[in-house]
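Enquirer: just a sequence and a predicted model for now, questions to come.
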Amino acid sequence: MSSSVDSIQTIKVPKPVPLTTTRFRPPKKNIPQTKIERDHFLQSIRNYIERENPVPPMPLDELEEHAKVILKELNYEGDNTYLHYTAVCLNNEMWRETLAEIPYERRLLLMPKCLRVEDKCPAPFDEFGLLCKQCGLCSIQDFQNEAERLGYAVLVAEGSAIVMSLIQTGQIEAIVGISCLPVLERTFPYVEAAAIPSIAVPLLQDDCINTTVDIDWVWEYIHLTSDDQTRRLDLNALHEEVKNWFTPESIEAVMGPCEGAQEQIAREWLARDGKRWRPYLTVAAFEALREDRGEPIPDDIKKIAIATELFHKASLIHDDIEDEDHGRYDQPTLHMQHGIPVALNAGDLLIGEGYRLIGESEISDAQKAEMLLVASQGQRELCRGQGAELVWAREPKPLKSKQVLEIFRQKTAPAFEVALKLGASYAGKLDEVADVLAKFSENMGIAYQIRDDMDDLGEDAGDNELEQMRPSVLLAVARERAKGDDKALLESLWSHEDLEDIAIHKIRKLAHEVEADEKCLLLLETYKEAAVRSLADLENANLKGLLRRVMGKIFNDLEIKGWCREFEVKNGVREDEEAAE
């Protein structure tokens, strides 16, 4: 392992996604304000449909009556703020399974021209609507290219006449549309009269210019197909089930009785907090690839999933010691509680336990060998990434943003890749999907670490975040963009000189002034998009659909915490009066 900073590889950054696809503009008030809230609404609506079995097509007034019942169940009784939004979502979910059965080539994707960047868009119009020039400034290009690749007809236009004429030809049997709520209300009677399955994704603004839309939501509906037999899987319920495997009682049921104080310390750490994304990914991959779909989750896959978390929790213990971190999960780190020797041994014990669980699984010897190789290769790559950072930390120098991203690739992506590949291996399908899982994990892992990097310097970050400097893509981008005294200030962060005199809020403000925050958010969206695109050639519809939805869930649950009040005020997240603080 080289000690030279210059020897760290520079990673290839995917083509950036348009800024208009990110959450840079405040949403309107008559739709849920976060994706988590949206998912809660959708799950409540799906539960209602399963219970009441309403049948489409349904007139708007009847839809609204059902919507009022749903809102009452959500404790919004008497508040009509979300009435039309709920009615639209209800209509979508009633048609969902019907849409899934209709071939892509019999569907129409209908987009509004207000998704374009109006003052820069070079696209002309004809009698059918906007003719996209593929300039890359907005999300229209991405939606159109993917939909046409699948076989959709695509229109970028408003007006029921065009749509109705297409329906009357008999070539279009379903519509996936994007629009603001007022337009949806005006066009609904025409679509309802035609009794054609229609799905509508509301825009995030009603101002008819440079609007945005929830990309994950559109992507989900565009790709909806009956070939994906996991489309009805409740991802939230699956995640909660996985979390429940890490209570002390559940851990003991899988791993056996605890022996000795050291093992008790290690298991307490395993049970402590955490999102449990890695074991969740293991189970998700297995659910997508298993042959006996719908059957209970086997006990052995619980062992494999817990093994992925054992490897992850061990790496956290070792990282905290190596990075001299004092807190995690709002509690002291394990080495601060029990001392470095005990913590090191606990980490080693967890790694050994992970391999033990894989070895004890009732699978073929070939599968065990495959899993052990996957786990050991992932651990090797993770240690190489951590090692590169540790060697750099002996004589820290500013890194280029691409060098930081390469460290992220080595440190975070392997854990996701191991989790997914172990699930695929248990299902006996790893050979078919290994390459795609590697690409998907690499891009998702980098996106995940960018999000963490921004949180590390967020308003909730500790006061000692600048005391132990580590590779940061946010600081790297800020340094690359800064000039003069500002650049000198940022470079001083790596010299360990007078860090106590540098307030973290000054660094936040400086990073915002050179738009490093926006660049990092763009990078985050770019790698998320690259992860989704890596699934394009995957032939297994179940795995493709499930991973796309899993990707949305992970990043829906990981809201970026505001670390610059001025940035949040500008984008409508905070009230203006807070800017004066």
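Expert: Happy to help now that I have it. Residues are numbered from 1 along each chain as shown.
Enquirer: how far does the host helix or strand of residue 96 sit from the chain's center?
Expert: Using DSSP states H and E, residue 96 maps to helix 83-101. Chain-centre distance of helix 83-101: 23 Å, with Cα atoms, centre = their mean, to the nearest Å.
Enquirer: list the neighbouring strands of the helix or strand that that helix is followed by plus their orientation.
Expert: Sequence-wise, the next helix or strand downstream of helix 83-101 (DSSP H and E) is strand 107-111. Strand 107-111 sits in its sheet next to strand 153-156 (parallel), strand 174-179 (parallel), going by DSSP bridges.
Enquirer: contact partners for residue 211?
Expert: 112, 114, 115, 180, 203, 204, 205 (Cβ atoms under 8 Å, 6 or more residues apart in numbering). Every residue, glycine included, has its C-beta placed from N, CA and C.
Enquirer: the stretch 451-581 of the chain: strands as residue ranges?
Expert: Counting by DSSP state E, counting those that start in this stretch, the stretch 451-581 of the chain has no strands to list.
Enquirer: related to what we said a few turns ago, can you tell me which of the strands paired with strand 107-111 is most buried?
Expert: Ranked by mean neighbour count, those are led by strand 174-179 with a mean of 24 (mean count of other Cβ atoms under 10 Å).
Enquirer: list the contacts of that strand.
Expert: 95, 98-99, 102, 106-112, 115, 143, 147, 152, 158, 163, 184, 187, 191, 196-203, 213, 218, 221-222.
Enquirer: with just CA atoms, put that strand into CSV.
Expert: What follows is strand 174-179, C-alpha atoms only, in CSV (Å, rounded to 0.1, in the frame of the first residue of the first chain):
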residue,chain,number,x,y,z
ALA,A,174,-52.5,3.3,-20.6
ILE,A,175,-51.0,6.7,-19.7
VAL,A,176,-48.3,7.7,-17.3
GLY,A,177,-48.5,11.4,-16.9
ILE,A,178,-46.7,14.2,-15.0
SER,A,179,-48.7,17.4,-14.3
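Enquirer: neighbours of residue 298, just the number please.
Expert: By other Cβ atoms under 10 Å, the residues close to residue 298 number 16.
Enquirer: surely residue 534 and residue 436 touch.
Expert: Yes. Residue 534 is within contact range of residue 436, at 6.3 Å (criterion: Cβ atoms under 8 Å).
Enquirer: including mean pLDDT, could the strands paired with strand 107-111 go into JSON lines?
Expert: Putting the strands paired with strand 107-111 into JSON lines (pLDDT from 0 to 100) gives the following:
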{"stretch": "strand 153-156", "mean pLDDT": "88"}
{"stretch": "strand 174-179", "mean pLDDT": "88"}
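Enquirer: okay, those in a markdown table with distance to residue 493 next?
Expert: Listed next are the strands paired with strand 107-111 as a markdown table, based on distance: least, Cβ to Cβ, whole Å:
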| stretch | distance to residue 493 |
| --- | --- |
| strand 153-156 | 47 |
| strand 174-179 | 43 |
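Enquirer: out of these, which gets nearest to residue 340?
Expert: Residue 340 lies closest, by Cβ to Cβ, to one member of those: strand 174-179, at 54.9 Å.
Enquirer: flag the shaky bits of the stretch 401-550 of the chain, pLDDT-wise.
Expert: Along the stretch 401-550 of the chain, segments meeting pLDDT under 70 span 457-469, 495-503.
Enquirer: that's all I had, so thanks and see you.
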